[in-house]
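> Structural data only, the sequence is not supplied:
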């Protein structure tokens, strides 16, 4: 999962307020329920020492309507001066939570993003289609209209007339020809949006005759991203709850497959001492070299907290300047702007610097992360560190925690 939307947090000094909120308005209470959720997490922030003026400003922003229908979440981070990140997440968090401290909550934000899928939902009939692009996360204030497209084919001979005889066959042929031409227009627009928006998944639903016609007309790249989910319609409210359930199932299947692809590559490469590492010192080294394609953490927040509690790394002003000690950082030529920060933030900061993604491994023991983190690499050569000779957290924890 890409986390480049967290980049605005880099380079700012704390303390930070980080908020993760379910922004789904209730049918009866509307946005008042969102306000009540915010009041609950605000009390925790006040106990931790966050200032009332800043919290008032955050509250005013959070209770404004997002104009997003259906379940969704909100992720917001502010320093003492301003709101730095305000994003809509495609899925709400499992629980509302907020933190106040010197380090923004990057890892919980990555957890939230991991549950999201950037998708293009296409609801078709014989006249055209409604296309809705749902980003995994997007900035508040962006044009919502740009996320929804309506395509009409322009060929109006779409209803088969029951006239009988040769005339019937001619009308039927003309209707089917119109359907095909309309679906070609729709397919061309889907291909264009896939190229422009780069969704991870295309959901195709709607009229049972139009869906296969559209799918056959799609380009190869789009077709590879496309799954059919029955039950959707261009008519609002037509068995909407049934379609939503099927859509959620399709998204769960995709998320599982996305995760298994990354973890499968990690296990394969790590097993042959190839383009994957799991010792913390090795992960730091490959991040420094810009080799990382995907960072891997435990799915369980409790496990992650256990591994990274009080653990720090050294960083410089540039995102790829990361090391396990001050002397190692100075050894690569960094002399100014050196500081010690939490290891989880340092790792994610370096991942952002090389456009790496983040994947979370389930806590079933299938993936062994003795130091709580691993990495799949873009490339591997003879100078790439090997786990075989790297110290693990169990033997090196003291040095990493106490180096001054």
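The structure has been received and is ready for your questions. The model shown is predicted, which means the values in this text are computed figures rather than measured ones. Numbering: from 1, shown residues only.
> any chance you could map the helices in this structure?
Ranges of helices within the chain are 31-48, 52-62, 106-114, 165-197, 210-217, 220-225, 240-271, 280-288, 301-308, 326-331, 343-353, 393-402, based on DSSP state H.
> Let me know the angle separating the second one from helix 31-48.
Okay, so that is helix 52-62. 160 degrees (axes from the mean of the first three to the mean of the last three C-alpha atoms, to 10 degrees).
> Can you name every helix or strand that helix 52-62 contacts?
Contacts defined by 3 or more C-beta pairs under 8 Å, 6 or more residues apart in numbering; DSSP states H and E place helix 52-62 against strand 16-22, helix 31-48, strand 73-78, strand 83-89. C-beta coordinates here come from the backbone N, C-alpha and C atoms, glycine included.
> circling back: residue 73: which of the helices of the chain is closest?
helix 106-114 (6.2 Å; C-beta to C-beta).
> Which elements pack onto that closest one?
Counting by 3+ C-beta pairs under 8 Å, 6+ apart, helix 106-114 packs on strand 16-22, strand 73-78, helix 301-308, helix 343-353, strand 357-361.
> What sits closest to the residue nearest to the spatial centre of the chain if chain neighbours are left out?
The residue lying closest to the centre of the chain (C-alpha atoms, centre = their mean) is residue 113, at 3.4 Å. For residue 113, ignoring the flanking residues on the chain, the nearest one in space by C-beta to C-beta, 6 or more residues apart in numbering is residue 1 at 5.3 Å.
> Now do the domain split for this protein, please.
For the chain, automatic domain parsing gives the domain ranges 4-114, 119-238, 259-402.
> Can you give the distance from the first one to the centre of its chain?
Read it as domain 4-114. 16 Å (C-alpha atoms, centre = their mean, to the nearest Å).
> What of stretch 265-275?
Counting by C-alpha atoms, centre = their mean, stretch 265-275 comes out at 25 Å from the chain centroid.
> Buried residues, it. List them.
265-267, 269-270, 275 (16 or more other C-beta atoms under 10 Å).
> By mean pLDDT, which helix or strand of the protein comes out lowest?
Least confident element among the helices and strands of the chain, by mean pLDDT, DSSP states H and E: helix 393-402 (a mean of 36).
> so the residue nearest to the centre of the chain touches residue 93, yeah?
No - the criterion here is C-beta atoms under 8 Å, and residue 113 misses it with residue 93 at 10.7 Å.
> Low-confidence stretches in the stretch 251-400 of the chain?
301-302, 387-400 (pLDDT under 70).
> try 80 this time
Applying pLDDT under 80 to the stretch 251-400 of the chain picks out residues 300-306, 309, 363, 365, 386-400.
> Can you report how many residues lie near the residue nearest to residue 113?
Look at residue 1: counted by other C-beta atoms under 10 Å, it has 23 neighbours.
> same thing with the one 5 residues further on?
When neighbours are counted by other C-beta under 10 Å, residue 6 registers 24.
> Report the contact partners of the closest residue to residue 270 other than its chain neighbours.
Counting by C-beta to C-beta, 6+ apart, residue 276 is the residue found nearest to residue 270 once chain neighbours are left out, at 4.0 Å. By C-beta atoms under 8 Å, 6 or more residues apart in numbering, residue 276 lies in contact with 265-270, 374-377.
> ok, so of those residues, who is nearest residue 282?
Using C-beta to C-beta, these come closest to residue 282 at residue 375, 7.9 Å.
> surely the closest one meets residue 289?
No - using C-beta under 8 Å, residue 375 makes no contact with residue 289, being 11.0 Å away.
> who's more crowded, those two?
Remark: of residue 375 and residue 289, residue 375 carries more neighbours, 27 against 16, as counted by other C-beta under 10 Å.
> That one pairs with what?
Taking DSSP bridges as the rule, residue 375 bridges to residue 277, residue 295.
> With residue 336 as the reference, measure out to it.
Using C-beta to C-beta, to the nearest Å, we find residue 375 at a distance of 28 Å from residue 336.
> burial of residue 83, as a residue count?
So residue 83, with other C-beta under 10 Å, has 18 neighbours.
> so what's it up against?
Contacts of residue 83 by C-beta under 8 Å, 6+ apart are 57-58, 61, 76-77.
> how about the helices of the chain, which one is nearest residue 71?
helix 240-271 (8.9 Å).
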